[in-house]
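J.: This is the structure alone, sequence omitted:
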């Protein structure tokens, strides 16, 4: 009775601090002529200014699972609502969950991995965060929720860019990258964006975790400033065994580099195989111990004597991993993991990972 | 693993097809009843379905001649065997999360944290639960409602001024049910287990080991057994004397597919079991003999089973609307 990934209803989680423009994005999604039908789950305290067939008010009831996993919080109301929506298959093609401005995205995401019945019918597609270009920098200082939402995101819409100067925009972008260099970042006004950039991203689909390079290394919609100064602390050869903590090393798009005191990302690569007998216990113990601080994790690994890539992704203590496609003949067997989290001990992570080398 | 059942009743089954999720199957009075998630209520085999709600039916409870449904239109509606409907309540568009049928024409429902009880004369009382309830059940004696929520159950006498009583056990509780002799209260939990309380002394009972959540259960006619879904067999707990504490449950109808729905025969120790692969079996507890009712149909999970009051007919339905009516040899 297995259901393949494609049979499952995709769920997009829409987050963003108060006033950032979530409702504007939601209205865009619902009003564009894409021929798709959405079931929308909104928090009932917000205004529902949406003309849509299926709008459900939710009460954002978060509870802890009684399974020894201290950060395993899930949204009980979502379980109930999604179970019920699934009894009406054919009425909609996808689900959008809009959270309150103060919500932590983790319980929403974890619901899809913790609840078996929900996980069988629906799949988390991506966490999309709308950020206000004018106010985000201030919120990152005074609102831990805003920082969580940036750290957790797969896609970030830096919205209301018309309200700030180009310098201020670069500043806030750099702040975002200081927290989460892996999310796709789009600069928008009134949330104008092709919907393909927001929907059906497959951000939690192991089959689609193709690359975990920082997203800003890819040319997308950034305005590259070509006469910026490179200010590397050191130069690395093509086979350097250490990876770059994202701050302080790369300068792309003329962005300044901020190190957020609280929330960071750490990326570690080893240009070769790791031993699964060492790696699996290490990563499991790590998320058990550090799960509350690790918001997101991802990895692509070359296991010794294994012709396929092992890929995993995680949310706090919950890990989802599997062997994926074959390593290609011309592909370098590199093992790479990334973490986004609070107060990460980079040295300990690096030593731990490198002790798993085969 | 026991051999596949050789005895079969499949030639006594009338196959029906509805092409929509079957929420409830059974009988309203003498009339065959199917309740669909899309909002339809089928009474009898011929009549056009009733649609008392604006859209979907989320929850339904039925007993004897009463059917109570809660819709995503926020309305709670009672339907009788003659097809007449009355509106019991209207929560103005909020989803109805749970409904229960009570004594003397009473009913209860919840929407968000608000629990409403309506007695047979139409008098309404409300209570705010500590978190959104998912399960409501009336006690077999007295006018008392159990409300299952996060971290326990609230027991409420709507006609008494006393503060509701609280039974606590950490974790999210889903459905709830009183034993027919009013000695035990059971809940199903998010963490694939059941919890129970002895009402006399609030002593705890834990019934665990399920690979999936228990979403269907049924008390035997003598009240001594509770059959439950959630494993690759019907798990049947003994409730004679002090209950299941320290006793192993019976496992009946073991198959390589999870049980999704169970319904005890109203007069005999025979259990109807529906599986996630669309199979339906009858199992007699006394000798564990099995009778095949349905060998899978289109393979989608059985979501509803219901006997008539004499136990001569059994109705069933599935997630995809595959359904049937078994007439037992008299």
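T.: Thanks, I have the structure now. The model shown is predicted, which means the values in this text are computed figures rather than measured ones. Numbers count the residues shown, from 1 in each chain, chains lettered A, B, ... in the order given.

J.: any idea how far the nearest residue to residue B:73 once chain neighbours are set aside lies from residue B:24?
T.: The shortest distance from residue B:73 to any non-neighbouring residue, by CB to CB, 6 or more residues apart in numbering or on different chains, is to residue B:54 (3.8 Å). Placement of C-beta: from N, CA and C, glycine included. Distance check for residue B:54 against residue B:24: by CB to CB, to the nearest Å, it reads 19 Å.

J.: And the two? Which one has more around it.
T.: Comparing residue B:54 with residue B:24 by neighbour count (other CB atoms under 10 Å in any protein chain shown), the higher total belongs to residue B:24, at 24 against 12.

J.: Is that one in contact with residue B:60, as I believe?
T.: Yes - counting by CB atoms under 8 Å, residue B:24 touches residue B:60, with 4.7 Å between them.

J.: which residues are common contacts for these two?
T.: Taking CB atoms under 8 Å, 6 or more residues apart in numbering or on different chains as the contact definition, residue B:24 and residue B:60 share the neighbouring residues B:35, B:67.

J.: Find me the pLDDT at the residue of the stretch 101-250 of chain B found nearest chain A, would you?
T.: Closest to chain A within the stretch 101-250 of chain B is residue B:171: 3.8 Å, counting by CB to the nearest CB. You'll see residue B:171 listed with a pLDDT of 91.

J.: wait, isn't it in contact with residue B:149?
T.: No - between residue B:171 and residue B:149 no contact is recorded; they are 10.6 Å apart, counting by CB under 8 Å.

J.: Between these two, which has more neighbouring residues?
T.: Remark: of residue B:171 and residue B:149, residue B:149 carries more neighbours, 26 against 18, as counted by other CB under 10 Å.

J.: surely the more buried one meets residue B:131?
T.: Yes - taking CB under 8 Å as the contact criterion, residue B:149 and residue B:131 are neighbours in contact, 4.6 Å apart.

J.: what touches both of these two?
T.: Between them, residue B:149 and residue B:131 share no neighbouring residue, with contact defined by CB under 8 Å, 6+ apart.

J.: which residues does residue B:320 contact?
T.: Taking CB under 8 Å, 6+ apart as the contact definition, residue B:320 lies against B:19, B:21, B:298, B:300.

J.: Out of the residues you listed, which sit inside helices?
T.: The members of those all map outside helices under DSSP state H.

J.: quick one: least confident of those residues?
T.: Taking the contacts of residue B:320 together, the minimum pLDDT is found at residue B:298 (88).

J.: Which positions in the lengthiest strand in chain B come out as buried?
T.: As far as residue count goes, and with DSSP state E defining each element, the longest strand of chain B is strand B:165-178. Across strand B:165-178, burial judged by 16 or more other CB atoms under 10 Å in any protein chain shown covers B:167, B:169, B:171, B:172, B:173, B:174, B:175, B:176, B:177, B:178.

J.: Residues in contact with it: which ones?
T.: Under CB under 8 Å, 6+ apart, the answer for strand B:165-178 is A:63, A:65-66, A:76, B:134-140, B:146-156, B:184-191, B:195, B:197, B:202, B:204, B:213-215, B:217, B:219, B:226.

J.: Keep only those of those that are in strands.
T.: If you go by DSSP E, the contacts of strand B:165-178 have A:63, B:135-138, B:146-156, B:184-189, B:195, B:197, B:204, B:217, B:219, B:226 in strands.

J.: Using ChimeraX, define a selection of the buried residues within these.
T.: Here is the ChimeraX selection string for the buried members of the ones in strands among the contacts of strand B:165-178, based on 16+ other CB under 10 Å:
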select /A:63 /B:135,136,137,138,146,147,148,149,150,151,152,153,154,155,156,184,185,186,187,188,189,195,197,217,219,226
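
J.: For the stretch 201-350 of chain A, which segments count as helices?
T.: When secondary structure is read from DSSP state H, counting those that start in this stretch, the stretch 201-350 of chain A shows helices at A:276-290, A:346-354.
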